[in-house]
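Chemist: task: produce atomic coordinates for the following.
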Amino acid sequence: MAKKSSKIKVRLESTAGTGYRYYASRSTKAEYKIKKKKYDPWATNPETGKKGAHVEFEEKKMPPAKKN
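Modeler: Sure thing, here's the model as predicted:
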């Protein structure tokens, strides 16, 4: 019999409001939501005014799986 995985997939969404997202995994036993500072190629850099900046990404709920 197969063991259940102790990790789940989560979606990290940009706080810059660009809609850019990363996917990661975390422990099912964790009592916290993931927050990471990562690169968003669509965000505008406040220092240079160009596209591409490091912004905070927060964990959001995964969308439901597609059924065929």
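Chemist: quick one, strands of this structure?
Modeler: Ranges of strands within the chain are 7-14, 21-27, 35-44, 51-60, based on DSSP state E.
Chemist: against which helices or strands is the shortest one packed?
Modeler: In other words, strand 21-27. Contacts defined by 3 or more C-beta pairs under 8 Å, 6 or more residues apart in numbering; DSSP states H and E place strand 21-27 against strand 7-14, strand 35-44, strand 51-60. Heads up, the C-betas are built off the backbone N, CA and C, glycines and all.
Chemist: which stretch among the ones you listed comes nearest Ser25?
Modeler: Across the helices and strands packed on strand 21-27, Ser25 has its closest neighbour in strand 7-14 (4.5 Å, C-beta to C-beta).
Chemist: how about the closest one: buried residues?
Modeler: Residues of strand 7-14 classed as buried: Val10, Arg11, Leu12, Glu13, Ser14 (neighbour count, 16 or more other C-beta atoms under 10 Å).
Chemist: which of those residues sit farthest apart?
Modeler: Farthest pair in those, by C-beta to C-beta: Val10 and Ser14, 14.2 Å.
Chemist: what does the model give the residue nearest to the spatial centre of the chain for pLDDT?
Modeler: With distances taken as C-alpha atoms, centre = their mean, the residue of the chain nearest its centroid is Leu12 (1.0 Å). Leu12 is assigned a predicted lDDT (pLDDT) of 96.
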